Each structure stands twice: as structure tokens, then as C-alpha cells.
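Asks: next comes the sequence, and after it the predicted model I'd like to discuss.
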Amino acid sequence: MTMQPGKYKPEPFGKYLLTERIGAGGMAEIFRATAFGVEGFTKEICIKRILPTLTVDETFVKMFISEAKLAVNLHHANVVQVFDLGRIGEHYFIAMELVRGRDLLEIINRCRAHRRHLPVPIALYILAQVCKGLDYAHRVKVEGRPAGIIHRDVSPSNILVSWEGEVKVADFGIAKASHKDENTATGTLKGKYGYMSPEQVQGLPIDQRSDIFATGVLLYESLVAKRLFKGATDLETLERVRAAAVPVPPSSVNKKVSTNIDAIAMKALALSADDRFQTAGEFHDALADQLFQSGERVDSKTLAIFMQKLFAEEIKVEEELERERSRPDLSLPEFAAMVEEQARATPTPTPAGPQTRMDLPFGATPHPARRPLSSLALGAIGTGAILLVGALVVLFFWLFNRTETVSRQPDAGGAKGPTIAVPAGGSLTIDSRPKGATIEIDGKLTGKRTPATIDDLNRNETHQVRLSLTGYEPWLKQVRFGKLQLIALEPHLTQKIEKPPPPPTPRKPKFGTLNINAVPVWAYVYVDGKKQSRPTPIYNLKLKPGPHEIRLENPKLKLVQKRRVIIRKGKSVDLVVKMK
């Protein structure tokens with residue numbers, strides 16, 4: 001959504017300046033923000049700030065941190081890049097790439113408002129790009145091992161299309177945490193049920209083919225401009241998803257859709273995961289081939305022209321907002337003043353004595369009390385200049401080191417430069433699979449077992465973490481906080497491989513076997529005078545080694561035959577007797 005000028009007052013958030021509140025949901029608020037760097041460097045980004053009510057749920061926080069850490073490893077043109085994960089005050093947040101454009105839901109709704117369908121070639125191109133992003137995420141490796149990432153929330157609001165024709169999949173890494181919350185908080189999942197897979201709805205194990213089903217739903221809805229599985233109630237929606245109840249193929253609603261495209265959509269929407277495309281790459285190739293066969297040439301430039309025509313008014317408003325943001329009232333000096341205002345709300349004790357003013361924005365001129373000039377005026381002016389330079393340096397560190405506190409140290413000889421205090425201790429949240437592992441930090445037992453949180457760790461040092469559990473290999477990891485305040489680990493311990501016992505000595509067989517049949521009629525079988533439980537044919541009849549008397553009898557025809565066989569250990573004898 002776009003915001004009108006003056007509706008949101010910019011506020012500092014750590015090293016970021018939140019400039020616009022884009023939206024909010026049951027899990028987070030989303031802001032447009034500016035990140036500041038050295039030499040006046042700035043970058044427009046997006047901040048997703050988790051609501052404070054969710055931070056009390058330890059399970060949610062662990063899942064959010066774990067999944068977001070995976071998302072940081074995703075680097076692909078069709079995936080929204082995650083830059084940072086952290087916590088400021090009571091808010092966990094992720095900083096991610098800002099995509100200037102609209103999501104797929106808004107695009108479909110705008111087309112529907114204009115009483116038209118999304119052009120079929122445009123829909124195929126967008127969904128093909130979505131498949132490229134998903135295929136990359138499904139195959140990506142972290143630390144040399146497959147990460148096994150499944151998005152779990154492929155829905156129209158998570159498919160972003162920029163004004164320049166870029167297509168990006170958003171919310172990788174927090175979808176799992178999001179669904180955990182959605183399944184436990186009333187109403188949070190509304191609008192999401194219709195984009196799950198049948199196995200996901202039933203609580204069965206899922207793999208990447210669940211994302212393929214959801215992408216098939218997006219393809220269908222993009223072509224027909226209406227919801228596929230939406231029912232009158234959530235329960236009805238779930239039942240339709242569980243049965244993969246596709247009412248009609250897309251071509252029945254949109255005559256511009258070919259039967260070949262119908263086949264692609266219906267394959268992606270198959271009830272059984274084995275009947276779908278097995279990889280997102282395979283799905284992409286099918287869409288790309290169909291686009292090629294249609295003779296339509298669609299690329300990012302084509303999509304950009306389409307977006308700029310469809311949202312001409314919104315682009316014009318956003319350009320005006322960009323000009324508003326570039327004016328001095330939202331510049332670095334105001335950010336510095338706002339950061340200082342926050343600092344005054346929670347002051348840091350400083351030693352008694354002269355202090356440098358911290359409430360001066362960059363470029364401001366201090367106004368000391370008037371006093372008569374003296375022969376030392378030149379020295380006073382020089383001292384004032386030094387103090388001003390010191391204040392600017394102090395403010396610089398306030399802006400770009402949110403975890404560091406800058407204070408002035410008095411000295412009888414005059415003011416000195418700023419001194420950076422030691423950062424606050426870091427917290428390490430660590431769990432293991434299985435739980436109950438003993439935790440050692442830097443070679444010392446902590447007295448805790450997983451899951452646990454270790455606080456007050458020096459953030460400037462590298463720490464050696466060791467987990468040990470009976471029956472499992474020791475687990476080692478080096479961690480360094482840097483600017484992070486919280487690090488979460490959740491290793492899977494490797495079970496020790498015990499030396500297998502020697503294989504048992506094969507026992508020599510004590511018996512042999514007899515296979516016996518009668519032709520052309522059946523017969524009862526007597527072995528050493530003992531009648532067997534069933535007539536011929538008889539297979540794998542165990543007998544002790546040695547000679548045996550065999551008698552076959554058909555009482556109806558009054559036929560009797562006798563044979564003598566010799567059985568050997570572990571050997572099989574086949575006997576076929578003609579009944580005459």
C-alpha cells in the first residue's frame with residue numbers, strides 16, 4: 001500500500017530510520033526504512049518488525065531466528081534478499097530488500113477492477129520466474145549441505161513484481177514460523193488455507209512439491225482472476241484443498257487459455273505429489289516452453305511496461321513521495337536529533353564534570369551564554385571548535401553503532417575525543433536434536449543442558465561452544481556476535497556408530513526338503529506311514545536326512561503308488577508320481 005505525505009512521522013529504529021509504515025498483519029509490521037553508512041551512504045530497505053506480543057512465545061522466536069538465518073543465505077534474482085536479523089528493544093526484526101512495485105494479489109485485483117484478465121503471456125512469465133526462485137531455494141546448500149528449504153507460504157501477497165519488471169518471492173525463512181503462529185492464533189491463517197497443499201492441510205510430511213502445488217494455485221488464479229479453493233467457510237476451503245477439487249480447467253473461464261496450459265496447471269494441482277511436477281525447475285521449463293510455443297516474447301522489459309501502464313497513478317504518487325523524502329526535513333540531521341531524543345529518554349550515567357552537548361544535530365551551531373571578550377578569546381574560539389568537532393564525531397558513532405554508547409571523559413587539561421564503551425553482553429540460545437546435551441562455553445561447563453540460553457557473553461570475542469550427550473558425537477562450533485545481540489543454534493547431533501557384533505556362525509541345516517506332486521490326478525501323501533495335512537501338490541516338506549517311504553493314494557479312483565526317497569541335509573528332492 002502507498003502512504004500519503006505526512007501520515008507517518010519518521011522514527012529511529014537502531015541504525016535505521018523508519019520513514020513509512022507500509023502495512024501490518026497478525027505477525028508483523030512492515031516499514032520502509034533508510035539504512036545509513038559511512039561517508040553519507042544511504043540505502044532504502046524494508047524492515048519487517050515482529051509484534052511484541054509474539055516475542056513471549058519462545059518456540060515462535062526460535063523458529064523465526066532459525067528460519068531467518070537460512071533466508072540470509074539466499075542470493076538469487078527471483079528471491080527477496082534478507083540483509084539483517086536482530087532485536088532492538090522488544091522487537092525482533094529482519095531487514096530486507098525493498099521492492100518498489102506491487103504484489104501479485106494487487107495485480108490480479110487491478111486487472112479484475114478493469115474487467116479484464118491478466119494477459120496469459122504475462123501470467124506465464126511471472127509464474128515461470130516464481131518457479132526459478134523456488135527451484136533455487138529448494139536446491140541451495142548451506143555449509144556444503146542441502147538446506148532443505150520449503151517456503152510453505154507461496155501466496156499472491158508473497159510474490160512481488162517491481163516497476164522494472166523484476167519478479168521476486170518474498171518471506172523466505174519466516175514462513176515456517178508464521179504458520180506455527182497461524183495454526184495457534186485465531187484468525188491469523190485466514191486467506192492462507194487456499195494456498196496450502198493437500199498434504200499440508202492434512203498435517204502429513206511435506207517436501208518441495210508442496211510449494212509446487214501452491215504455485216499451481218497461483219497460476220490458475222492468475223489466469224481466471226478468481227480464487228480457486230475459496231469456500232464459504234474456512235472448513236469448506238480446507239475440504240476443497242484436501243480433495244484438490246479443481247472445478248473446471250482455466251480455459252473454461254478464460255478463452256485465451258489453451259488446452260496445453262490447462263494441462264500444465266492441472267498437473268501442478270494434482271492431488272498426489274507423485275503426479276505433480278517433481279521440481280520447480282521442471283515446472284519452470286513447462287511454462288517457458290509454452291510461452292515460446294505461443295510466439296509471444298515476454299521479458300522483464302515487457303512486464304515493466306505492463307506494470308507502468310496498469311499502475312500509472314500509483315507510480316506518479318510514489319515519485320512525489322520520493323521527492324518529499326529527499327527534502328531536508330527527513331535528512332540525516334533530523335535522524336541524529338531523533339536518536340538523541342531516544343538517548344535522553346534512557347540516559348547513560350556519565351562521570352561528573354564538563355560534558356559535550358549531545359543534542360546538536362549535524363551542521364547545527366551551539367549558542368553558549370554570552371560573556372565579555374577577553375585576551376583569551378582566540379583560545380576560547382579554538383576550544384569551541386574542538387568541542388563542535390567532538391560532538392559531530394560522537395553523533396556519528398550514535399548513528400552507526402547502535403549497540404555502542406559514546407561518552408565524553410573529562411580531563412583537567414581540556415576536552416578529549418570520544419571513548420566507546422564496551423558493548424553489552426550477547427545472549428546465545430541453543431537447542432539440540434535430541435535435547436538434553438551438556439553445554440560447555442570456552443572449555444567451561446555452564447551447568448545447563450539444551451535447550452537453554454547463555455547470557456552476558458563478550459560480543460567482541462570468539463567463543464567455542466561444545467555440546468556432549470551420551471551416545472552421540474561431541475558437537476563443536478565457534479561463534480562471534482559482532483553487532484548481533486542474539487545468536488540461536490539448533491544442531492542435530494550425530495549418533496555414535498558402535499562396532500557391530502560379529503555375524504553369527506551360519507548353522508548347518510538339519511533337514512532337507514521334498515517337493516511332491518501326482519499326475520494326472522491328485523493324491524493324499526503318506527510319509528513313513530504318516531498322512532500329510534493336505535493332498536498334492538506339496539512343496540518344501542521338511543524331512544530328516546536319510547531314507548523315507550512315500551505312499552500316494554487316491555481313494556476315489558482306488559489308485560495307490562509307493563516310492564522310496566533319500567533326503568540329504570540342505571538339499572531338495574523333487575518327486576513327480578504318475579497315478580496309474
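Replies: Received the coordinates, thanks. Numbers count the residues shown, from 1 in each chain.
Asks: C-alpha from now on. contacts and neighbour counts both.
Replies: Fine.
Asks: next one: the helix or strand hosting residue 106 to chain centre, how far?
Replies: According to DSSP states H and E, residue 106 maps onto helix 104-113. Its chain's average C-alpha position is 26 Å from that of helix 104-113, according to CA atoms, centre = their mean, to the nearest Å.
Asks: any idea of the mean pLDDT for the following helix or strand past it?
Replies: Heading C-terminal from helix 104-113, the first helix or strand you meet, by DSSP H and E, is helix 120-139. For helix 120-139, mean pLDDT rounds to 96.
Asks: kindly export helix 120-139 (C-alpha atoms) in CSV.
Replies: The C-alpha trace of helix 120-139 is given here as CSV (Å, rounded to 0.1, in the frame of the first residue of the first chain):
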residue,chain,number,x,y,z
VAL,A,120,-1.8,-15.0,-20.5
PRO,A,121,1.8,-14.5,-21.6
ILE,A,122,2.4,-12.1,-18.7
ALA,A,123,0.9,-14.6,-16.3
LEU,A,124,3.1,-17.4,-17.7
TYR,A,125,6.2,-15.2,-17.4
ILE,A,126,5.5,-14.2,-13.8
LEU,A,127,4.9,-17.8,-12.7
ALA,A,128,8.0,-19.0,-14.6
GLN,A,129,10.1,-16.5,-12.6
VAL,A,130,8.5,-17.6,-9.4
CYS,A,131,9.5,-21.2,-10.2
LYS,A,132,13.1,-20.1,-10.8
GLY,A,133,13.2,-18.5,-7.4
LEU,A,134,11.7,-21.6,-5.7
ASP,A,135,13.9,-24.0,-7.6
TYR,A,136,17.0,-22.1,-6.4
ALA,A,137,15.8,-22.1,-2.8
HIS,A,138,14.9,-25.8,-2.9
ARG,A,139,18.4,-26.7,-4.1
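Asks: so which elements touch it?
Replies: Secondary structure elements in contact with helix 120-139, counted by 3 or more CA pairs under 8 Å, 6 or more residues apart in numbering; DSSP states H and E, are strand 167-169, helix 208-224, helix 280-293.
Asks: now the helix holding residue 106 and helix 120-139, what's the angle there?
Replies: The directions of helix 104-113 and helix 120-139 differ by 170 degrees, with axes from the mean of the first three to the mean of the last three CA atoms, to 10 degrees as the criterion.
Asks: measure residue 321 to residue 12 for me?
Replies: Computed as CA to CA, to the nearest Å, the residue 321 to residue 12 distance reads 19 Å.
Asks: who's more crowded, these two?
Replies: Each of residue 321 and residue 12 had its neighbours counted (other CA atoms under 10 Å), and the higher figure belongs to residue 12 (21 against 16).
Asks: can I take it that the more buried one is in a helix?
Replies: No - remark: residue 12 does not belong to a helix; assigned using DSSP: H, G, I helix; E, B strand; the rest coil, it is strand.
Asks: just confirm it contacts residue 18, I think it does.
Replies: Yes - with contacts counted by CA atoms under 8 Å, residue 12 reaches residue 18, the gap being 6.0 Å.
Asks: sorry, back to before: need the helices and strands packed on helix 120-139 in JSON lines (columns: mean neighbour count, mean pLDDT and distance to residue 144).
Replies: Rendered in JSON lines, the data for the helices and strands packed on helix 120-139 read as follows (neighbours: other CA atoms under 10 Å; pLDDT from 0 to 100; distance: least, CA to CA, whole Å):
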{"stretch": "strand 167-169", "mean neighbour count": "27", "mean pLDDT": "96", "distance to residue 144": "24"}
{"stretch": "helix 208-224", "mean neighbour count": "26", "mean pLDDT": "96", "distance to residue 144": "19"}
{"stretch": "helix 280-293", "mean neighbour count": "18", "mean pLDDT": "94", "distance to residue 144": "21"}
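Asks: tell me which of those lies nearest to residue 70.
Replies: Distance to residue 70, taken as CA to CA, is lowest for strand 167-169 among these, at 14.8 Å.
Asks: hang on, the earlier thing: and the angle from the helix holding residue 106 to helix 208-224?
Replies: Interaxial angle, helix 104-113 versus helix 208-224 (the same axes, to 10 degrees): 20 degrees.
Asks: averaged pLDDT, helix 104-113. What do you get?
Replies: 93.
Asks: quick one: buried residues of it?
Replies: By neighbour count, and taking 16 or more other CA atoms under 10 Å as the criterion, the buried residues in helix 104-113 are 104, 105, 106, 107, 108, 109, 110, 111.
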